[in-house]
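K.L.:
sequence and predicted structure below; questions after.
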Amino acid sequence: MSTVVLDNVSKIYPGGVLAVDRFNLRAEDGELLVLLGPSGCGKSTLLRMIAGLEEITSGDLWIDGRMANHLPPRDRDVAMVFQNGALYPHRTVRGNLSFPLEIAKADPSLVRDRVIELSKALHIDETLDRRPGTLSGGQRQRVAMGRAIVRQPSLFLMDEPLSNLDAGMRTELRMEISSLVRALGVTTIYVTHDQVEALTLADRIAIMNRGVLQDVGTPGQIYNDPATAFVAAFLSSQQLNLLAPQVRTPQNQYILLDFGPHQITMPWTDPRAYAVSQHTGGTIIVGIRPDALAPVPETYDGPSFQGRVRTLEYHGHEWLAYVEAGLPAVAVPEPPDPRQNGKAANGGTPGRARSMMRRLLSGPEREPEHEPEDMLNGASSSGTHRRADLIVRLGSRPVWRTGEHVRVGVDLNRLMLFTNDGGRIDPPRR
Ligand SMILES: Nc1ncnc2c1ncn2[C@@H]1O[C@H](COP(=O)(O)OP(=O)(O)O)[C@@H](O)[C@H]1O
Ligand SMILES: [Mg+2]
């Protein structure tokens, strides 16, 4: 098995595209490390550098304590699976699985046993005599994974292996990948743009944007304690509320987050108070997940906002309310794109499709709200202030009606506090 260390690794493609920017990361022996980020952020480039398919422009790659920058791919003991795991069309499943072992001149009886064992683990033992053309997409990806792993590499690299499958198959195969690589104990680096895949699969997640590592930690750490506003927004299944209050400290009695029409006070006893007070007189960015907001009675005297319900949205397992509260909102702050060649981030990603859907569903009378996914894709500039609806998770019953004036309770402990350039105000607790 293997450890992988990236030490200040950068990749500049011919033509000047800076695809990976001074990346530092360590994959531990036997770990399932998920590399997460939006389309075009440099994930495949990073994986291909580890595999030896792409030259490293600067920095060092170490595989198992060995300097690997110039190691030929075949000497890295690495196997890779792509989005469209290409199979040999004229060989049966058995022939595809055994091929890498035949090349390595393995003992035929060992080959037979290994192929059967692996096909059982991947639930394709019934298809061994069939050709790839007769298999479903999910079965083909299983064969591709089997073929990659049959030689028991010490490092397994997967580049969005599930993104061409339908949702049901994705979930099923996701669980199987997880149990397979853990049973084999092989160090695995798994690339995806899907935050659910990352959260459910990973031992640890490394999240990147525009070639730059943003955060790394266990799924729980980076979800609950994100290092940047980008990470918080990217990991939110619902849109993250990003607000821009002014910080005041009236008579030094407490900290006032002044949102214009509403204020929230933070007592000095709050562990984050000192860090926030450093921004007195300026603005900060507050991230609030929709489930950190809740309906409260009009008489509620805890931290809250008031507003008018613009739209209610049914999501099957929950309702979301869009509440017009006149709060100043911001886009996800991002550093300027360092790339000279702007082929980057703006593809037709699922995130973009989702936000377009949201716009379509939200009805004609609604003002454009801020769209984190657009911002993640680099479509809007950072720090743009505008009024946005507050998105509130209501649970399984729509306790409010459209047009109703409501009070929204805020869970103070779950406010995420960022500087205007998107870094955390209170350092993550790890
Ligand atoms: N062979 C190449 N030549 C020039 N630019 C490239 C090449 N491959 C990728 N890029 C650019 O590098 C950036 C990162 O791409 P990639 O690693 O494929 O991102 P991801 O896998 O996260 O979608 C993008 O801007 C992409 O257009
Ligand atoms: Mg890619």
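P.N.:
That came through fine. Ligands and ions are numbered 1, 2, ... in the order given.

K.L.:
tell me the domain boundaries of the protein?
P.N.:
4-227, 241-418 (automatic domain parsing).

K.L.:
assign the nearest residue to residue 401 once chain neighbours are set aside to helix, strand or coil.
P.N.:
Nearest non-adjacent residue to residue 401, counting by C-beta to C-beta, 6 or more residues apart in numbering: residue 309, 6.7 Å away. In short, each C-beta sits where N, CA and C put it, glycine included. Under DSSP: H, G, I helix; E, B strand; the rest coil, the three-state class of residue 309 is strand.

K.L.:
could you do residue 322 as well?
P.N.:
strand.

K.L.:
pretty sure residue 142 contacts residue 126?
P.N.:
No - the pair residue 142 / residue 126 is not scored as a contact, 11.4 Å apart, by C-beta atoms under 8 Å.

K.L.:
quick one: which of the two has more around it?
P.N.:
Counted by other C-beta atoms under 10 Å, residue 142 and residue 126 do not tie: residue 142 has more neighbours, with 27 against 11.

K.L.:
mind listing what's buried along the helix or strand where the more buried one lies?
P.N.:
Residue 142 belongs to helix 137-149 when assigned by DSSP states H and E. Of the residues in helix 137-149, 138, 139, 140, 141, 142, 143, 144, 145, 146, 147, 148, 149 count as buried by neighbour count, 16 or more other C-beta atoms under 10 Å.

K.L.:
now do stretch 12-25
P.N.:
Quick answer for stretch 12-25 (16+ other C-beta under 10 Å): 12, 13, 17, 18, 19, 20, 21, 23, 25.

K.L.:
quick check, it touching ligand 1?
P.N.:
Yes - part of stretch 12-25 sits near ligand 1 under the criterion C-beta under 6 Å from any ligand atom, namely 13, 15, 17, 19.

K.L.:
show me which pair in the residues you listed is furthest apart.
P.N.:
15 and 19 (10.8 Å; C-beta to C-beta).

K.L.:
can I get stretch 390-397 in CSV? Just the C-alpha atoms.
P.N.:
What follows is stretch 390-397, C-alpha atoms only, in CSV (Å, rounded to 0.1, in the frame of the first residue of the first chain):
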residue,chain,number,x,y,z
LEU,A,390,-33.4,34.3,3.2
ILE,A,391,-33.8,30.6,2.6
VAL,A,392,-35.3,28.8,5.6
ARG,A,393,-35.8,25.0,6.0
LEU,A,394,-39.3,24.3,7.3
GLY,A,395,-39.1,20.5,7.6
SER,A,396,-41.9,18.3,6.4
ARG,A,397,-44.8,20.7,7.0
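
K.L.:
re earlier: show only the entries of the residues of stretch 12-25 next to ligand 1 found in strands.
P.N.:
Members of the residues of stretch 12-25 next to ligand 1 lying in strands (criterion: DSSP state E): residue 19.

K.L.:
out of the residues of stretch 12-25 next to ligand 1, who's nearest residue 285?
P.N.:
residue 19 (27.8 Å).

K.L.:
ok, that closest one - contacts?
P.N.:
Applying C-beta atoms under 8 Å, 6 or more residues apart in numbering to residue 19 gives the contacts 11, 12, 13, 42, 45, 211, 339.

K.L.:
sorry, back to before: in its sheet, what does the following helix or strand past the helix holding residue 142 sit against?
P.N.:
Sequence-wise, the next helix or strand downstream of helix 137-149 (DSSP H and E) is strand 155-159. If you go by DSSP bridges, strand 155-159 pairs up with strand 78-81 (parallel), strand 187-192 (parallel).

K.L.:
how much space separates the residue nearest to residue 86 when sequence neighbours are not counted from ligand 1?
P.N.:
Here the nearest residue to residue 86 in space, its sequence neighbours aside, is residue 144; by C-beta to C-beta, 6+ apart that works out to 7.4 Å. As defined by C-beta to the nearest ligand atom, to the nearest Å, residue 144 lies at a distance of 18 Å from ligand 1.

K.L.:
got the contact list for the helix or strand where residue 247 lies?
P.N.:
Element membership for residue 247, per DSSP H and E: strand 246-248. By C-beta under 8 Å, 6+ apart, the surrounding residues in contact with strand 246-248 are 255, 256, 257, 258, 276, 277, 279, 280, 281, 282, 283, 284.

K.L.:
buried subset of the residues you listed?
P.N.:
255, 256, 257, 258, 276, 277, 279, 283, 284.

K.L.:
isn't residue 85 right next to residue 160, touching?
P.N.:
No - contact between residue 85 and residue 160 fails when scored by C-beta under 8 Å: they sit 10.8 Å apart.
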